[in-house]
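S.K.: sequence first, then the predicted structure, then my questions.
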Protein chains: 2
Amino acid sequence: MIRRKVTLKDIARELDVSISTVSKALKNSNEIGRDTRNRIQAFARSHNYRPNNIAVSLKNKKTRNIGVIIPDIVHHFFTTVFRGIEKHANSLGYNVIVCVSDESFDKEVINTELLANGSIDGFIIGLSAETQEKRDYSHLKEVTDQGIPVVLFDRVTDEFPCDKVIIDDEVAARQAVEYLISKGKKRIALFTTAHDLGVTKNRSLGYKKALENHRIPFDKNLVLQLPFQFEEEELSRSFFKEQTFDAVLSVNEIFAVRGMRLAGEFGYRIPEDVSFIGFTDGILSKYAVPSLTSIAQHGEQMGETAARMLIDKIENEYDETDASNYRTEIIEASLIKREST
Amino acid sequence: MIRRKVTLKDIARELDVSISTVSKALKNSNEIGRDTRNRIQAFARSHNYRPNNIAVSLKNKKTRNIGVIIPDIVHHFFTTVFRGIEKHANSLGYNVIVCVSDESFDKEVINTELLANGSIDGFIIGLSAETQEKRDYSHLKEVTDQGIPVVLFDRVTDEFPCDKVIIDDEVAARQAVEYLISKGKKRIALFTTAHDLGVTKNRSLGYKKALENHRIPFDKNLVLQLPFQFEEEELSRSFFKEQTFDAVLSVNEIFAVRGMRLAGEFGYRIPEDVSFIGFTDGILSKYAVPSLTSIAQHGEQMGETAARMLIDKIENEYDETDASNYRTEIIEASLIKREST
DNA sequence: TAAAAGTACGAAAACGGTTTCGCGGCAAAA
DNA sequence: TTTTGCCGCGAAACCGTTTTCGTACTTTTA
C-alpha cells in the first residue's frame, strides 16, 4: 500500500489551520503561538513530514545541488577529487549530481546544458580532452552568463575566467626530476602521452625546466610518447632497446608501472640501474613491486577546495564580469618516496 | 551582466499570447494554429528557451533523476558499476545523483531520506558494511512504502524484497578454487577480511564448497583474516612463516598483490610454487608483476542491469507489495587468467 | 437559416512549498 | 473610554510548468 508523502496541505487540513501557519510553525517562527506550534510540530513529527525538495527549490530558486562534470569516473584521481567535493558539499547541506563527459566535447556540452536548466546551483568541472583541444568554452560562458558559478579543477584553461583549482604540474614535475638529479641520475627519460596538452604539457615543461636548471641537455630521444590504450608495448620495448637511461619520469602511474616491468625484463635493477617516478599517487604506485615513488596530487584536498570556492560563490553576491573576483588556488603536490628511487 | 533564463511567461508577454498557448505551441500541439506555433517556436529558439527542470519535476512528479548510494567512490569496482548505471541512465534521459555512505549506516539513512524527498524517482544502492551488520533496512522500507522503487546491487540482503543484481560470489569462488585444483594445487589458502559478511562470506563458502567437492579437507589454518588497513603485515608475514600452501584465493586484489609480494620475499616462484587468484579484476590485477589471475565481476554490466531494472519499475506500474514483481539478476563472473596461475 | 461541429486560444487550477501583508482581537497606555 | 500596539493567524501571490476545460468565433451540415 503506497503511503503518499504528507504535505503542508495535509497537515493544515487535519489540524484545521492554514497552510501558512503550518509552514511557519515548522520553521519555529514565533509569529505562531506556542501551543499551535507544538501541536503542529508534534503532528508533523508523528507523521514523518519532510518538505518536498523540489517545491522548495522552485520557490527559493536554490536547489542545494552542485553539478560535477568529470571526464571519467573509473579513474583514481578523479574519484579522489570527487570524494573531497562530496564530503565538503555534504557537510554544508549540498548534494552532488555527477555527469561523465567521457572526454567528449559534445557530452560535456549536453551535460552542462541539462543541469544548467534549474537542476543545480553551480558547477565543478574538469574539462574533457576534446574541449581542451577545441578550445571552445561557449557552453561555460552560457552558464556563467546565467549567473551560475563555475569552478574548474585540474583540467583548466586560461581562456575562461572563473575560479580554478590546480596543482602546479610544472613545478611538481621539475621537483621530481630535480630529485632524480640529486640522486645522481644523468639520463632521465620522460614517458608521456601522445597528445600532449593540458596537465601533460605542463609536466613536460617541468621536466625540461629541471634539465635546463642543471645544465643537462634535453634529448628528445629520451621522450617516449605512448598512446593510451597501447597494449602490445612494442613502442616501449624498442625504446628500451634503443635508448640508455638511468631514470624515468612518467606522467601517469600506468606508464611507470609498465616501464618498471619492462626494466625487469631487460635485467635492470630498480632503483640502482633505473629509477622511476610517476604522476598520480594511486593504488598502483602503492602496491607495485617495487613500490613506485610518485607525485601525490592530493585530490581530496583539491575537491574540497573546489567545493569551498563554489559554495562561496553560490552563497555570496559577486560581480561575475569582474575578473578580480576569480581566484586560482594551487594545491601543493608532494613527492611520496618509495622503493623505485 | 546576468541574462536571466527566459520563461514561458516571458515569451507569452512578448508575443502577446497566453502562457498556455506558449506551452502547447512548444510541444507542437495542434491545438494551436500553424502560424502562432511557428512564431512562438521561432521566438523560443532565438531566445534559447529551455524549460526549467525543477518546475517540470514539480508539476509532473517525476524528476528523471536516479539516486545512487554506494559505500565508497574511490573504489574500482563501484565506479565501474557506476559507469554502467550512468551510461544506461543517460541514454534514457535520466541523470544520476550520487551519495557516498562511507560504509556507515547513519550516512546511508541520511542520504536515502534526503534524496527520497522529491529529488529522485528511484534508488540504486550498494549497502554499507554497517547496514549489513545491523540488518536494519527500515530506511529502505520507508522509501518503497512511498512508492519509490529500489534496486540493490552487489551488497544486497535477502531480508529486503526488491529488485537485485549480483554476481554469484559463491559459484565464482568455487570455480576459481576448482581451477586451482585442476592445476594440481592441493593446499589452497584463503585470504579474506576480518569481518566476514555479505559478499565476502559467500566467497568463503564457495572456497569451502570447492574443497569439499574434491575431497580436500578444509584446514582453518589456511584461512588468513586480514584487517583492512593493516599496513605492517605482521599477520601475513607470520602466516607465510607458519603455513605451507601452494595457492591462494583472495577476496580482493589488494590482499592478493600484497601476498604475491611476500611470496617473492620468501623466495617462492609464482605461479610454480604458489598460484594466486584474486577477486575483482581491477587495475592492480592487470598491472601487477606478475599479473594477477582474477575474477571479473563485470561491474559495468551490473550497473547497466541495475539501471534497466530500476527505470523499468519507475516507468511502469507495479504492485510493490507483490514479491513476484521482484527479480534477482545474476551477472556471470569470469576468470581472467594471467601470469599468477 | 438554424443547429452542430470544429478551430484556436485563454483562464485557471494544480504541483508543494515560502513569504508578505493584512486583519481581528486583546491588553496596555493615554 | 479611546487609542495604540502587539499577538496570532490566514489570504494570497509567487516560483515555472502542465493540463483541463471553457468560450468565442468560424465553418459545415441538415
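M.R.: Here it is on my side, so go on. Numbering: from 1, shown residues only, chains lettered A, B, ... in the order given.
S.K.: would you mind listing what in the stretch 51-200 of chain A touches DNA strand D?
M.R.: Proximity of the stretch 51-200 of chain A to DNA strand D, by Cβ under 7 Å from any atom of the strand, involves residues A:55, A:58, A:59, A:61. In short, each C-beta sits where N, CA and C put it, glycine included.
S.K.: so which residues on chain A come close to DNA strand C?
M.R.: When proximity is defined by Cβ under 7 Å from any atom of the strand, chain A lies next to DNA strand C at A:5, A:7-9, A:19-20, A:23-24, A:26-27, A:31, A:49-52, A:55-56, A:58-60.
S.K.: check residue A:230 and give its pLDDT.
M.R.: Reading off the per-residue confidence, residue A:230 sits at a pLDDT of 55.
S.K.: now the buried members of the residues of the stretch 51-200 of chain A next to DNA strand D.
M.R.: Listed as buried from those are A:55, A:58; burial here means 16 or more other Cβ atoms under 10 Å in any protein chain shown.
S.K.: quick one on the thing from earlier: ChimeraX command for the buried members of the residues of chain A next to DNA strand C?
M.R.: This is how ChimeraX selects the buried members of those, with burial counted by 16+ other Cβ under 10 Å:
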select /A:5,7,8,23,24,26,49,51,52,55,56,58
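S.K.: which of the residues of chain A next to DNA strand C are close to chain B?
M.R.: A:5, A:50, A:51, A:52, A:55, A:58 (Cβ under 8 Å from any Cβ of the partner chain).
S.K.: tell me what the helix or strand that the fifth one is a member of is packed against?
M.R.: This points to residue A:55. Taking DSSP states H and E as the criterion, the element that holds residue A:55 is helix A:53-60. In this structure, helix A:53-60 packs against helix B:53-60, with contacts taken as 3 or more Cβ pairs under 8 Å, 6 or more residues apart in numbering or on different chains; DSSP states H and E.
S.K.: using the three-state scheme, assign residue A:237.
M.R.: For residue A:237, the assignment made with DSSP: H, G, I helix; E, B strand; the rest coil gives helix.
S.K.: thought it was touching residue A:262?
M.R.: Yes: taking contact to mean Cβ atoms under 8 Å, the distance of 6.6 Å between residue A:237 and residue A:262 places them in contact.
S.K.: neighbour count for those two, which is higher?
M.R.: Using other Cβ atoms under 10 Å in any protein chain shown as the criterion, residue A:237 and residue A:262 rank with residue A:262 on top: 17 against 13.
S.K.: that one and residue A:224, how far apart?
M.R.: Distance check for residue A:262 against residue A:224: by Cβ to Cβ, to the nearest Å, it reads 11 Å.
S.K.: what do you get for residue A:259?
M.R.: 8 Å.
S.K.: mind listing the strands for the stretch 1-150 of chain A?
M.R.: Taking DSSP state E, counting those that start in this stretch to define them, one finds strands in the stretch 1-150 of chain A at A:65-70, A:95-100, A:122-125, A:150-153.
S.K.: out of those, nearest to residue B:108?
M.R.: strand A:95-100 (14.4 Å; Cβ to Cβ).
S.K.: leaving out the residues flanking it, which one is nearest to residue A:333?
M.R.: Closest residue in space to residue A:333, ignoring its immediate chain neighbours: residue A:172 at 3.8 Å, by Cβ to Cβ, 6 or more residues apart in numbering or on different chains.
S.K.: which residues are contacting stretch A:326-335?
M.R.: For stretch A:326-335, the external contacting residues (Cβ atoms under 8 Å, 6 or more residues apart in numbering or on different chains) are A:156, A:161-169, A:171-172, A:175-176, A:179, A:277, A:293-298, A:301-302, A:305, A:309.
S.K.: would stretch A:71-79 count as contacting chain B?
M.R.: Yes: applying Cβ under 8 Å from any Cβ, one finds stretch A:71-79 touching chain B at A:73, A:74, A:75, A:76, A:79.
S.K.: picking up where we left off before, what would the residues of the stretch 51-200 of chain A next to DNA strand D look like in TSV with distance to residue A:214?
M.R.: What follows is those, written out as TSV (distance: Cβ to Cβ, whole Å):
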residue	distance to residue A:214
A:55	64
A:58	61
A:59	62
A:61	56
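S.K.: tell me how chain A divides into domains.
M.R.: What the record gives for chain A is the domain set A:8-51, A:63-167+A:299-331, A:169-296, from automatic domain parsing.
S.K.: end to end, how far does the longest one reach?
M.R.: The first residue of domain A:63-167+A:299-331 is 29 Å away from its last residue (Cα to Cα, to the nearest Å).
S.K.: repeat for the shortest one
M.R.: Using Cα to Cα, the gap from the first to the last residue of domain A:8-51 comes to 8 Å.
S.K.: before we move on, what about the last one?
M.R.: Across its full length, domain A:169-296 reaches 11 Å end to end, with Cα to Cα as the criterion.
S.K.: which one of the residues of stretch A:71-79 next to chain B has the most neighbours?
M.R.: Neighbour counts for those, by other Cβ under 10 Å, peak at residue A:79, which reaches 26 neighbours.
S.K.: quick check: the closest residue in space to that one that isn't next to it in sequence vs DNA strand C, distance?
M.R.: If you skip the residues right next to it in sequence, residue A:79 has residue B:74 as its closest partner in space, 4.6 Å away by Cβ to Cβ, 6+ apart. When distances are taken as Cβ to the nearest atom of the strand, to the nearest Å, residue B:74 and DNA strand C turn out to be 35 Å apart.
S.K.: likewise for residue A:134?
M.R.: Spatial separation of residue A:134 from DNA strand C under the definition Cβ to the nearest atom of the strand is 39 Å.
S.K.: without its sequence neighbours, what residue ends up closest to that residue?
M.R.: Across the structure, with Cβ to Cβ, 6+ apart as the measure, the residue nearest residue A:134 apart from its sequence neighbours is residue A:105 (5.6 Å).
S.K.: just give me the neighbour total for that neighbour.
M.R.: Neighbour count of residue A:105, defined by other Cβ under 10 Å: 18.
S.K.: now residue A:45
M.R.: In terms of burial, residue A:45 registers 10 neighbours under the definition other Cβ under 10 Å.
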